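A.B. asks: Below is the sequence, then the predicted model.
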Amino acid sequence: MNLIMTFSRSLLAAALAVALSPVASAEPPAKGVYASYPSETPEHFKPVHDAFDYETRDVMIPMRDGAKLHTVILVPKHAKNAGILLTRTPYNATEMTSAVESGHLGVAVSHDDDASDVLIQDGYIRVVQDVRGKYGSQGDYVMNRPLHGPLNPTPVDDSTDAYDTIDWLVKHVPESNGRVAILGISYDGFEPLMAIIHPHPALKAAVPMNPMVDGWMGDDWFHHGAFRQQGLEYIYEQTASRKNTLKWWSNYADDYQFFLEGVSAGAVARAYGMEQLGFWNKLTQHPAYDAFWRDQAVDKVLGNEPVSVPTMLVASLWDQEDIYGAMAVYHAMKPHDSDQRLFLAVGPWFHGQEVGDGSSLGAVRFGSDTSLYFRQHILRPFLAHYLKDAPDVPAPVNAFMTGQNVWTTSKAWPETNGVPSTLAIRPDADGKLQLGALAESGSDSFVSDPNHPVPYRPRPVGPMAGKGWQHWLTDDQRAAATRPDVLTYTSAVLTEPLRISGPPQVHLVASTSGTDSDWVVKLIDVYPDQVPEQPEMGGYELGIAMDIFRGRYRTGFDKPTALTAGAALPYDFSLPNANHVFLPGHRVMVQIQSSWFPLYDRNPQKFVPNIFFATPADFQPATQQVFRGGDATFIALPVVKG
């Protein structure tokens, strides 16, 4: 008994010694963690999604160079032999696929790049991928990464990344039928264009909507050489950080005042430290249309490629961001479309409105939801035909005719009803506009003062992402018509319809007392003074086609040259495509001005090597003179007869 007690005491003493002595091998508790009062958040929580009608798969897809791209795959429950709708984006794949937290797929993907009604109706698998270098994807980000070649010495580009992604998807998503369509808007619309260059065999359809195509000629960064300086905000947020965590800031309520006091786009950028950003430096180093821009212009690239993937280009008549690209690609691809794989849809929308409500744009009403019509009667059968073997396929061209507010179909764009025709409209004396008739010889002048530029929309001018941005192209132009630095010419009241389809061609003959100048030309539909069915439209001046041209590129976009002060010089350029009927009782108007601020940077009106870095002393008023009569100033309208 004593031996047992002695042994027990020894064991107890040993146990106490072990418990009280430090143990070198034991992990110390994490700071702020207490075993006696543990956290109520589990280390690993597994969500339960039994009530969801879809499954989410978050994967990293390897590319040929070893980089992995973050990809979200949404598979409808019970999906079998389903087509895949792919979008590649720099705007956060996770957010796009969970715009609203919901167990219903159609709600979860209610993002502005998704035609979610078509996705749900036809049971497609939805895939969204972060492009290289953005959000969850590995690798380096380059804005609109050019194809492998002189501008891109690496072995990868958006074409190869799309190919590798599609190859992985058809091998690793067993619910798919092995067919993929790629679609998206804006930057996401640029990606389908890259994917159809040397495409994967499983890519059966592409839908580039409002795509970024040529950033110098007429999309995001420039229009005919004039820099869209309100895009500084986008460049800053898109390239300063991988996840767009660094946000643009401003101490001004009015962008007009902000950019006016900022002097030049280069000076504003320096105030934000943008010289650290690679893409911004490229912009400032290439203000003219040199090889940097020409070699990456997507329409020029696709002009040398066969139309091997059925492609539906989607264009908006009032696209405030990328009004140039879709039409340029269409005309580049059409000559190679021997098997009718190229389609075009043209709607009365702002940038990306085709996936929202298309009943109106600003004050302009269309009599129906044009966007819903596009999705149900054009986009849906197109996708179903190539992903599901549905029998119907839309007409080669579907275009909404504004003014009469009807959809039309044709075999090609622009519609001509046979023989192409033009109508020259000419400024005349006393502010009159002649339709087809000769105008009185003479000239009209105004003073363009860069210290008091013409606003492109009513002040206060908010940022590009702010209120009013989506519909400024349809804003009433009467505010500009009242300024002394805007020339306005108006036709007599029309007695019969005047329909145009295509890009109006400007032939402007003008002089300036300076050595550089911008020219803004607007083609406008003037409503009757009273509109019974919509009184607020009485006398409304609706822009139909408007654009800017930087004078230094008069003799060549790659050859900036000073203008000869006082010389009457010709300027020839295209306005954006229109598909419009000027109705009886309406009038046709043309406005001409020399600034469109602050969307476009101010021209100093004195020739300087690089307007990005113009100084306050460079900006000077100039007397602008527009010549009329004979072969002087006119606009050739692409008229459709019958």
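C.D. replies: Received the coordinates, thanks.
A.B. asks: in the stretch 51-200 of the chain, which spans are helices?
C.D. replies: Using DSSP state H, counting those that start in this stretch, the helices of the stretch 51-200 of the chain run over 93-96, 105-108, 116-121, 158-172, 187-195.
A.B. asks: Out of the ones you listed, which is closest to Gly514?
C.D. replies: Judged by CB to CB, the one of the helices of the stretch 51-200 of the chain that comes nearest to Gly514 is helix 187-195, at 36.5 Å. Every C-beta, even on glycine, is put in place using the N, C-alpha and C of the backbone.
A.B. asks: what's the distance between the next helix or strand along the chain from the closest one and the middle of its chain?
C.D. replies: Scanning forward in sequence from helix 187-195 by DSSP states H and E, the next helix or strand is strand 203-209. Between the mean C-alpha location of strand 203-209 and the chain-wide mean there is a distance of 17 Å, by CA atoms, centre = their mean, to the nearest Å.
A.B. asks: Return strand 203-209 as CSV; C-alpha atoms alone will do.
C.D. replies: Once side chains and other backbone atoms are set aside, the C-alpha atoms of strand 203-209 remain, and they are given as CSV (Å, rounded to 0.1, in the frame of the first residue of the first chain):
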residue,chain,number,x,y,z
LEU,A,203,-15.1,29.4,-80.5
LYS,A,204,-18.3,29.4,-82.4
ALA,A,205,-19.5,33.0,-82.1
ALA,A,206,-18.3,36.4,-81.0
VAL,A,207,-20.3,39.5,-80.0
PRO,A,208,-18.2,42.6,-79.7
MET,A,209,-20.5,45.3,-78.3
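A.B. asks: just how off-centre is the following helix or strand past it within its chain?
C.D. replies: Moving toward the C-terminus from strand 203-209, the first helix or strand encountered (DSSP H and E) is strand 222-223. Counting by CA atoms, centre = their mean, strand 222-223 is centred 13 Å from the centre of its parent chain.
A.B. asks: Need the residues that contact strand 222-223.
C.D. replies: Applying CB atoms under 8 Å, 6 or more residues apart in numbering, the external contacts of strand 222-223 come out as Gly215, Trp216, Met217, Arg228, Tyr324, Asp547, Ile548, Phe549, Tyr600.
A.B. asks: Quick one: mean pLDDT for that strand?
C.D. replies: When the per-residue pLDDT values of strand 222-223 are averaged, the result is 98.
A.B. asks: List the strands paired with the helix or strand that it is followed by, with their directions.
C.D. replies: Elements were assigned by DSSP H and E; along the chain past strand 222-223, the next helix or strand is strand 226-227. For strand 226-227, the paired strands and their directions (DSSP bridges) read strand 222-223 (antiparallel).
A.B. asks: what's near enough to touch Tyr551?
C.D. replies: Let me fix one detail, which is that residue 551 is Gly and not Tyr. Shown in contact with Gly551 (CB under 8 Å, 6+ apart): Thr512, Asp516, Ser517, Asp518, Trp519, Leu563, Tyr571, Asn603.
A.B. asks: and the fourth one, bridged to which residues?
C.D. replies: Note on Asp518: beta-bridge partners by DSSP bridges are Arg550.
A.B. asks: check which helix or strand covers the nearest residue to Glu275 once chain neighbours are set aside.
C.D. replies: If the residues on either side of it in the chain are set aside, Glu275 comes closest to Asn281, at 6.7 Å by CB to CB, 6 or more residues apart in numbering. Remark: Asn281 resides in helix 278-285, with elements defined by DSSP H and E.
A.B. asks: Flag every buried residue along the helix or strand just after that helix.
C.D. replies: Elements were assigned by DSSP H and E; along the chain past helix 278-285, the next helix or strand is helix 291-294. Neighbour-count burial for helix 291-294, with 16 or more other CB atoms under 10 Å as criterion, is recorded at Phe292, Trp293.
A.B. asks: now Val107, nearest residue through space, not along the chain?
C.D. replies: Once chain neighbours are set aside, the closest to Val107 by CB to CB, 6+ apart is Val100, at 5.1 Å.
A.B. asks: Tell me where the model's unsure across the stretch 251-400 of the chain.
C.D. replies: Counting by pLDDT under 70, the stretch 251-400 of the chain has no low-confidence residues at all.
A.B. asks: how about the strands of it, start to end?
C.D. replies: Secondary structure of the stretch 251-400 of the chain (DSSP state E, counting those that start in this stretch): strands located at 311-316, 342-347, 360-361, 364-365, 397-401.
A.B. asks: tell me the most buried of those strands?
C.D. replies: strand 311-316 (a mean of 27; mean count of other CB atoms under 10 Å).
A.B. asks: now the angle between strand 397-401 and it, please.
C.D. replies: 10 degrees (axes from the mean of the first three to the mean of the last three CA atoms, to 10 degrees).
A.B. asks: list the helices and strands strand 311-316 packs on?
C.D. replies: If you count contacts as 3 or more CB pairs under 8 Å, 6 or more residues apart in numbering; DSSP states H and E, strand 311-316 packs onto strand 203-209, helix 325-333, strand 342-347.
A.B. asks: tell me the contacts of the most centrally placed residue in the chain?
C.D. replies: The residue lying closest to the centre of the chain (CA atoms, centre = their mean) is Ser186, at 3.6 Å. With contact taken as CB under 8 Å, 6+ apart, Ser186 is in contact with Met209, Asn210, Pro211, Met212, Glu321, Asp322, His351, Gly352.
A.B. asks: which of the contacts of strand 222-223 sit farthest apart?
C.D. replies: Across the contacts of strand 222-223 (CB to CB), the longest gap, 16.6 Å, separates Gly215 and Phe549.
A.B. asks: Looking at the strands of the stretch 251-400 of the chain, which is nearest to Asn417?
C.D. replies: strand 397-401 (12.4 Å).
A.B. asks: measure Phe619 to Arg64 for me?
C.D. replies: For Phe619, the distance to Arg64 equals 50 Å [CB to CB, to the nearest Å].
A.B. asks: Check His104 too.
C.D. replies: From His104 to Arg64 the distance is 37 Å (CB to CB).
A.B. asks: Pro306 too?
C.D. replies: On the measure of CB to CB, Pro306 and Arg64 end up 23 Å apart.
A.B. asks: Same question for Leu508.
C.D. replies: Relative to Arg64, Leu508 is positioned 50 Å away (CB to CB).
A.B. asks: Quick check on those two: which one has the bigger neighbour count.
C.D. replies: For Leu508 versus Arg64, neighbours defined as other CB atoms under 10 Å are more numerous around Leu508 (22 against 12).
A.B. asks: isn't there a strand covering that one?
C.D. replies: Yes - Leu508 sits within a strand when classified using DSSP: H, G, I helix; E, B strand; the rest coil.
A.B. asks: beta partners for it?
C.D. replies: According to DSSP bridges, the partner residues bridging Leu508 are Tyr571.
A.B. asks: Ile592 is in contact with that one, correct?
C.D. replies: Yes - with the criterion set as CB atoms under 8 Å, Leu508 and Ile592 qualify as a contacting pair; they are 7.3 Å apart.
A.B. asks: Can you pull the residues that touch both of those two?
C.D. replies: The contact sets of Leu508 and Ile592 overlap at Trp519, Val521, Val626 (CB under 8 Å, 6+ apart).
A.B. asks: which residues does the first one contact?
C.D. replies: With contacts taken as CB under 8 Å, 6+ apart, Trp519 has the following neighbours: Leu508, Ala510, Ile548, Phe549, Gly551, Tyr571, Ile592, Ser594.
A.B. asks: repeat for the second one
C.D. replies: The neighbourhood of Val521, defined by CB under 8 Å, 6+ apart, consists of Val506, Leu508, Met546, Asp547, Phe549, Leu575, Val590, Gln591, Ile592, Ile635.
A.B. asks: give me the number of residues near the fourth one?
C.D. replies: Residues lying near Asp547 (other CB under 10 Å) number 23.
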